[in-house]
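**Student:** got a structure for you, letters missing:
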Ligand code: ADP
Ligand code: MG
């Protein structure tokens, strides 16, 4: 190298150092704590890359305890009187107005409507009075991206059409339980104002409006004779479906691990200080909206650089931090971002291939499939890669990918364990056996996911908590709610 090029190189390095310094200063000022970094920029061995991912996504026992404590503080703040504190809790703690826990003896044929993140389910079912919820029929319709991003009228007309499909008799008024799984402000059991869309929805004209009113208008437009008698969300549905099914066990919380994540639990009314008027007796289910958890500094969850990008690219930037590290909508995307970096640093081939460069093209269901492969050379992963357009992977690449998926899903499960422990602590069930009802495809289908939550709970001293898969809890729960709350 001659002296001139030498100087150019030096000036280049100095400029890079100044730039890096300035950007990290800017970053630190904004977030206070920098994200956990993996360093794939230098050429690593597969072993080192695996170790880096394990470290970046590690949630130690100490970290779990910190998250648990911090969540408990947010729960308390969220229940306090409105305007009493300078800071709002990141966890909304919304009263559900469900203040009757089913006894299991409720009877009747009920209709229910369930809108989660991905599908609309309509069902007709029978409660037999012995804890059984028999589906007479269930219909499932996919909510297209177009509908999720269109107008309120389009979306609610579509929902009304789904309801119309299942009603037998339109001459008399049909009572329907409605599960709507987005944060709502309720002041009664049969109304609720959407606070903010989550899970990728941006439908206009819905935020700030009463969901039941919007749907009733759509019923009127379509000439449908129906009335929503109970409006709940999926967590509440899951809790009460489980409480109905196993009434002699104590179901104290409902958790969703699907497109998004959220939880509800049974609280003493006397502790809900923001309830107007204040009530001393009885219980009410609180919908936590825990998906939005973290401190204002976003530093309790300790995001990696991938989490920061997921947040930046999301339609709801700077909210739902916990959800973005936990739920089905995001786990695949976190893996995709790590794969993108791996492919740029030559540890994974297919640099520039569509499943790697296209946001949300690497679904969380792939992670399940990868995790499930126990063949010696990961042949099923190879078949999956071939199928999605990433052919001819080496065994090292597949091994690295599997470890990456495992690290991301394990972190999710341990974050959830910390959060469940916070709820159990909150209600003072430190020793008594209690049931947490869980629903959602991530929990149901990801191999070992439930065991990892249970193991996290055990590490924190909560082995007496029983996780109970409550399939279709959100839909069935709407039917139970319609029955219980109309009494
Ligand atoms: P919703 O959240 O709409 O009620 P689900 O509980 O079925 O619906 O969750 C759907 C989400 O779960 C999908 O968006 C996807 O992220 C994730 N998912 C679907 N299948 C699987 C699977 N096999 N393993 C892990 N996650 C899955
Ligand atoms: Mg659901």
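**Tutor:** That came in fine, so what should we check first? Just so we're clear, the structure is a prediction, and the values are computed from it rather than from any experiment. Ligands and ions are numbered 1, 2, ... in the order given.
**Student:** if you average pLDDT over stretch 163-178, what comes out?
**Tutor:** If you average the pLDDT over stretch 163-178, you get 86.
**Student:** For residue 212, what is the enclosing helix or strand?
**Tutor:** Take DSSP states H and E as the rule and residue 212 turns out to sit in helix 211-222.
**Student:** In that helix, which of the residues would be classed as buried?
**Tutor:** Within helix 211-222, the residues that count as buried by 16 or more other CB atoms under 10 Å are 211-212, 214-216, 218-219. C-beta: built from backbone N, CA, C; applies to glycine.
**Student:** And for stretch 137-150?
**Tutor:** Buried, per 16+ other CB under 10 Å, within stretch 137-150: 138, 143, 147-150.
**Student:** Show me what counts as buried in the longest helix belonging to the chain.
**Tutor:** As assigned by DSSP state H, the longest helix anywhere in the chain is helix 395-426. Residues of helix 395-426 classed as buried: 397-426 (neighbour count, 16+ other CB under 10 Å).
**Student:** And the residue in the stretch 151-300 of the chain that ligand 1 sits nearest to, how far from residue 360?
**Tutor:** Proximity of the stretch 151-300 of the chain to ligand 1 (CB to the nearest ligand atom) peaks at residue 258, 2.4 Å away. Using CB to CB, to the nearest Å, residue 258 is found at 15 Å from residue 360.
**Student:** The two: who's more crowded?
**Tutor:** Taking other CB atoms under 10 Å, residue 258 and residue 360 do not tie; residue 258 has more neighbours (24 against 14).
**Student:** Could you pull up the residues touching that one?
**Tutor:** By CB atoms under 8 Å, 6 or more residues apart in numbering, the contact list for residue 258 reads 116-118, 234, 327-328, 439-443.
**Student:** same deal with residue 102?
**Tutor:** Contacts of residue 102 by CB under 8 Å, 6+ apart are 240, 243-244, 247, 480, 483-484.
**Student:** From the residues you listed, keep the buried residues only.
**Tutor:** For the contacts of residue 102, buried by 16+ other CB under 10 Å: 240, 243-244, 247, 480, 483-484.
**Student:** farthest pair in these?
**Tutor:** Across the buried ones among the contacts of residue 102, the longest distance by CB to CB is 13.6 Å; it joins 247 and 483.
**Student:** Now stretch 113-133: average pLDDT?
**Tutor:** On average, the pLDDT along stretch 113-133 is 93.
**Student:** List the buried residues of it.
**Tutor:** Neighbour-count burial for stretch 113-133 [16+ other CB under 10 Å]: 113-118, 120-125, 127, 131, 133.
**Student:** Just give me the neighbour total for the residue of the stretch 351-487 of the chain found nearest ligand 2.
**Tutor:** Residue of the stretch 351-487 of the chain nearest ligand 2, by CB to the ion: residue 474 (4.6 Å). Burial of residue 474 is recorded as 29 neighbouring residues (other CB under 10 Å).
**Student:** Can you spell out which helices and strands pack onto the helix or strand it falls within?
**Tutor:** Using DSSP H and E, residue 474 maps to helix 473-485. Packing partners of helix 473-485 (3 or more CB pairs under 8 Å, 6 or more residues apart in numbering; DSSP states H and E): strand 107-115, strand 119-128, strand 133-142, strand 174-180, strand 226-232, helix 234-245, strand 251-257, strand 434-439.
**Student:** Distance to ligand 2 added to those, as JSON lines?
**Tutor:** Output for the helices and strands packed on helix 473-485, formatted as JSON lines (distance: least, CB to the ion, whole Å):
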{"stretch": "strand 107-115", "distance to ligand 2": "7"}
{"stretch": "strand 119-128", "distance to ligand 2": "8"}
{"stretch": "strand 133-142", "distance to ligand 2": "11"}
{"stretch": "strand 174-180", "distance to ligand 2": "8"}
{"stretch": "strand 226-232", "distance to ligand 2": "12"}
{"stretch": "helix 234-245", "distance to ligand 2": "5"}
{"stretch": "strand 251-257", "distance to ligand 2": "6"}
{"stretch": "strand 434-439", "distance to ligand 2": "6"}
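**Student:** So which of the ones you listed is nearest residue 314?
**Tutor:** Nearest of the helices and strands packed on helix 473-485 (CB to CB): strand 251-257, 18.5 Å.
**Student:** quick check: angle from the closest one to helix 473-485?
**Tutor:** Angle of strand 251-257 versus helix 473-485, following axes from the mean of the first three to the mean of the last three CA atoms, to 10 degrees, is 140 degrees.
**Student:** Quick one: mean pLDDT over the helix or strand just after strand 251-257.
**Tutor:** Later in the chain than strand 251-257, the nearest helix or strand by DSSP H and E is strand 261-268. Strand 261-268 shows an average pLDDT of 98 in the prediction.
**Student:** Give me the contact status of the longest helix of the chain with ligand 1.
**Tutor:** No - taking CB under 6 Å from any ligand atom as the criterion, helix 395-426 and ligand 1 are apart, separated by no less than 8.4 Å.
**Student:** Strand 434-439 and that helix, what's the angle between them?
**Tutor:** Going by the same axes, to 10 degrees, helix 395-426 makes 130 degrees with strand 434-439.
**Student:** got the angle between helix 395-426 and strand 261-268?
**Tutor:** Using the same axes, to 10 degrees: helix 395-426 against strand 261-268 is 10 degrees.
**Student:** what pLDDT, on average, does helix 395-426 get?
**Tutor:** Averaged across helix 395-426, pLDDT comes to 98.
**Student:** Any idea how far apart the tips of stretch 432-450 sit?
**Tutor:** Separation of the first and last residues of stretch 432-450 by CA to CA, to the nearest Å is 21 Å.
**Student:** That stretch: which residues count as buried?
**Tutor:** 434-443, 445-447, 449-450.
**Student:** what's the answer for stretch 368-381, then?
**Tutor:** Across stretch 368-381, burial judged by 16+ other CB under 10 Å covers 368-371, 373, 378, 381.
**Student:** follow-up on the earlier one: contact partners of the helix holding residue 212?
**Tutor:** Residues contacting helix 211-222 (CB under 8 Å, 6+ apart): 152-153, 156-157, 159-161, 163-164, 178, 180, 184, 190-194, 206, 225-228, 231.
**Student:** quick one, what contacts the spatially most central residue of the chain?
**Tutor:** Most central in the chain under CA atoms, centre = their mean is residue 261, positioned 1.8 Å from the mean C-alpha point. Residues in contact with residue 261 (CB under 8 Å, 6+ apart) are 255, 290-291, 322-323, 326-327, 416, 440.
**Student:** If we only consider these, which is nearest to residue 467?
**Tutor:** Among those, and counting by CB to CB, the member closest to residue 467 is residue 255, at 8.1 Å.
**Student:** Look up the residues forming beta bridges with that closest one.
**Tutor:** residue 263, residue 438 (DSSP bridges).
**Student:** what's the closest non-adjacent residue to the closest residue to ligand 1 within the stretch 51-200 of the chain?
**Tutor:** In the stretch 51-200 of the chain, the residue that lies nearest ligand 1 is residue 116 (2.2 Å; CB to the nearest ligand atom). Excluding its sequence neighbours, the residue lying closest to residue 116 (CB to CB, 6 or more residues apart in numbering) is residue 181, at 5.2 Å.
**Student:** what's the burial count for residue 190?
**Tutor:** Neighbours of residue 190 (other CB under 10 Å): 17.
**Student:** Let me see the contact set for it.
**Tutor:** Taking CB under 8 Å, 6+ apart as the criterion, residue 190 is in contact with 212, 228-231.
**Student:** Any residues of the stretch 251-400 of the chain in contact with ligand 2? List them.
**Tutor:** residue 258 (CB under 5 Å from the ion).
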